[in-house]
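Engineer: Sequence and computational prediction follow.
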Amino acid sequence: MPEGPLVRTEDLRVYFPVRKLFRTVGYVRAVDGVSLSIGRNETVALVGESGSGKTTFGRALLGLVRPTSGRILFDGTDIASMSEKELKRVRRRMGIVFQDPYASLNPTFTVYRIVEEPLVVNRIGTKEERREMVMRALEEVKLNPPEFFASKYPHMLSGGQRQRVAIARAIITRPEFVVADEPVSMLDASIRVEILLLFREIQRRHGVSFLYITHDLATAKYFSDRIAIMYAGKVVEEGPTRAVLSEPLHPYTQALIEAIPDPDPMNRFKMREVVPGQPPSLLNPPSGCRFHPRCPYFMKGKCDVQEPPLYDLGGGRKVACYLLEDRAAGS
Ligand SMILES: Nc1ncnc2c1ncn2[C@@H]1O[C@H](COP(=O)(O)OP(=O)(O)OP(=O)(O)O)[C@@H](O)[C@H]1O
Ligand SMILES: [Mg+2]
């Protein structure tokens, strides 16, 4: 197996121009300087409030949106500078599962056709071989017996079953990297764990790397090895899941985590409904640390002047906050 992480971004930026009439009046800085790695066979949870740039980051990694600057290394090769044709070849090694299992499946296709489609598009296998692969994929996502589900249409299935179809479609080409963008947030709480365990099982069997996008720390705890906390286009904290959840270091992460005594591990960590204050504008973000207008530890003349670097604290932990300056220097 080759060395290094499977996916790595270096100072990745994705800006969307805002136009008024025919003039560009500014840029929405959806992703603004993110350097993040996803190891082989690893799941990284990307957690943050709505509009913090999570989906844009995931789409950039899949080559679905072109970065403004920075590099995206997939298995050592920069995909940010690839032609569409080269990208298409690399994309075969990637998969995506979307949030909404109702909107992401073509309602006029049978389950069979939905799951087979990536094989047809990529001209993989004969008709017979494809049939074999579809049936195996359906079994793998526990839609048994596969013949029964293959002939169904999406509207005949439950939300959980539909998401299993979407997962079968995502894994049928045997991708090495899958972006799962809020894959369980629209499902009943009772089936969330089942679906996340299914991802785990697929990972164990085939060695897949996942970027798991979520606003929900409880499920991140279940299904990630590492967590990256995103705020206004930037990663403000990163580290092993256990460490980040048991000792959150960035004031924003601390604000997100509400430890409540609950015997159900799924409910032990809750994302607060609202962190006090407003998320900043990505068109005109605050100076210095983007979190400073909402931060209880705000240091005037420092946090509002210069952006804190992402301090490396050792043990895989990184935090972009001046409060950790001394600890970083001592580590
Ligand atoms: N194609 C686009 N054109 C212009 N602006 C965009 C585009 N896609 C996203 N944005 C903007 O980029 C910012 C980040 O959006 P993004 O969807 O990445 O956030 P998110 O963290 O995934 O949010 P959510 O949790 O709501 O899914 C938002 O301000 C959004 O309006
Ligand atoms: Mg999103």
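Structural biologist: Arrived safely. Ligands and ions are numbered 1, 2, ... in the order given.

Engineer: okay, now the closest residue to ligand 1 within the stretch 151-300 of the chain: neighbour count?
Structural biologist: Nearest residue of the stretch 151-300 of the chain to ligand 1 (C-beta to the nearest ligand atom) works out as Leu282 at 4.9 Å. For the C-beta atoms, the positions are set from N, CA and C on the backbone; glycine is no exception. If you count neighbours by other C-beta atoms under 10 Å, Leu282 ends up with 22.

Engineer: what's the answer for Ser69, then?
Structural biologist: Ser69 has 12 neighbouring residues, counting by other C-beta under 10 Å.

Engineer: Use 121 as the first number for this chain going forward.
Structural biologist: Right, with 121 as the first residue, what we last looked at is Ser189.

Engineer: Make sure it is actually in contact with Asp131.
Structural biologist: Yes. Counting by C-beta atoms under 8 Å, Ser189 touches Asp131, with 7.1 Å between them.

Engineer: returning to what we had before: I'd guessed the residue of the stretch 271-420 of the chain closest to ligand 1 sits against Glu169; true?
Structural biologist: No. At 11.7 Å, Leu402 does not count as touching Glu169 under the criterion of C-beta under 8 Å.

Engineer: Give me the longest helix you can find in this protein.
Structural biologist: As far as residue count goes, and with DSSP state H defining each element, the longest helix of the chain is helix 309-326.

Engineer: Just the CA coordinates for it, please, in PDB.
Structural biologist: Coordinates of the C-alpha atoms in helix 309-326 are reproduced here as PDB (Å, rounded to 0.1, in the frame of the first residue of the first chain):
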ATOM      1  CA  ALA A 309     -33.200   8.300  15.100                       C
ATOM      2  CA  SER A 310     -33.900   4.600  15.500                       C
ATOM      3  CA  ILE A 311     -32.300   3.600  12.200                       C
ATOM      4  CA  ARG A 312     -29.400   6.100  12.300                       C
ATOM      5  CA  VAL A 313     -27.200   3.800  14.200                       C
ATOM      6  CA  GLU A 314     -28.000   0.900  11.900                       C
ATOM      7  CA  ILE A 315     -26.900   2.900   8.800                       C
ATOM      8  CA  LEU A 316     -23.800   4.100  10.500                       C
ATOM      9  CA  LEU A 317     -22.900   0.600  11.500                       C
ATOM     10  CA  LEU A 318     -23.400  -0.500   7.900                       C
ATOM     11  CA  PHE A 319     -20.800   2.200   6.800                       C
ATOM     12  CA  ARG A 320     -18.500   0.700   9.400                       C
ATOM     13  CA  GLU A 321     -19.000  -2.800   8.100                       C
ATOM     14  CA  ILE A 322     -18.400  -1.700   4.500                       C
ATOM     15  CA  GLN A 323     -15.200   0.100   5.700                       C
ATOM     16  CA  ARG A 324     -13.900  -3.000   7.500                       C
ATOM     17  CA  ARG A 325     -14.600  -5.200   4.500                       C
ATOM     18  CA  HIS A 326     -13.300  -3.100   1.700                       C
END
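
Engineer: Mind listing what's buried along it?
Structural biologist: For helix 309-326, the buried set under the neighbour-count rule, 16 or more other C-beta atoms under 10 Å, comprises Ile311, Arg312, Val313, Ile315, Leu316, Leu318, Phe319, Ile322, Gln323.

Engineer: mind listing what Ala150 touches?
Structural biologist: Neighbour list for Ala150: Val134, Tyr135, Phe136, Gly173, Thr176, Phe177, Gly353, Leu402 [criterion: C-beta atoms under 8 Å, 6 or more residues apart in numbering].

Engineer: Give me the neighbour count for the third one.
Structural biologist: Under the neighbour criterion other C-beta under 10 Å, Phe136 is assigned a count of 16.

Engineer: Three-state assignment for it, please.
Structural biologist: Using DSSP: H, G, I helix; E, B strand; the rest coil, the structure places Phe136 in strand.

Engineer: ditto for the fifth one
Structural biologist: Classification of Thr176 into helix, strand or coil gives helix, according to three-state DSSP.

Engineer: pLDDT wise, what is it at?
Structural biologist: Turning to Thr176, the model gives it a pLDDT of 98.

Engineer: Tell me how far it lies from ligand 1.
Structural biologist: As for Thr176, its distance to ligand 1 is 3 Å (criterion: C-beta to the nearest ligand atom, to the nearest Å).

Engineer: what does the first one give?
Structural biologist: Taking C-beta to the nearest ligand atom as the measure, Val134 falls 8 Å from ligand 1.

Engineer: That residue contacts Leu181, doesn't it?
Structural biologist: No. Using C-beta under 8 Å, Val134 is not in contact with Leu181; the gap is 10.6 Å.

Engineer: and the residue sitting nearest the centre point of the chain, what is it in contact with?
Structural biologist: Nearest to the mean C-alpha position of the chain, counting by C-alpha atoms, centre = their mean, stands Ile333 at 3.0 Å. Taking C-beta under 8 Å, 6+ apart as the contact definition, Ile333 lies against Ala165, Leu166, Lys174, Thr175, Gly178, Val299, Ala300, Asp301, Glu302.
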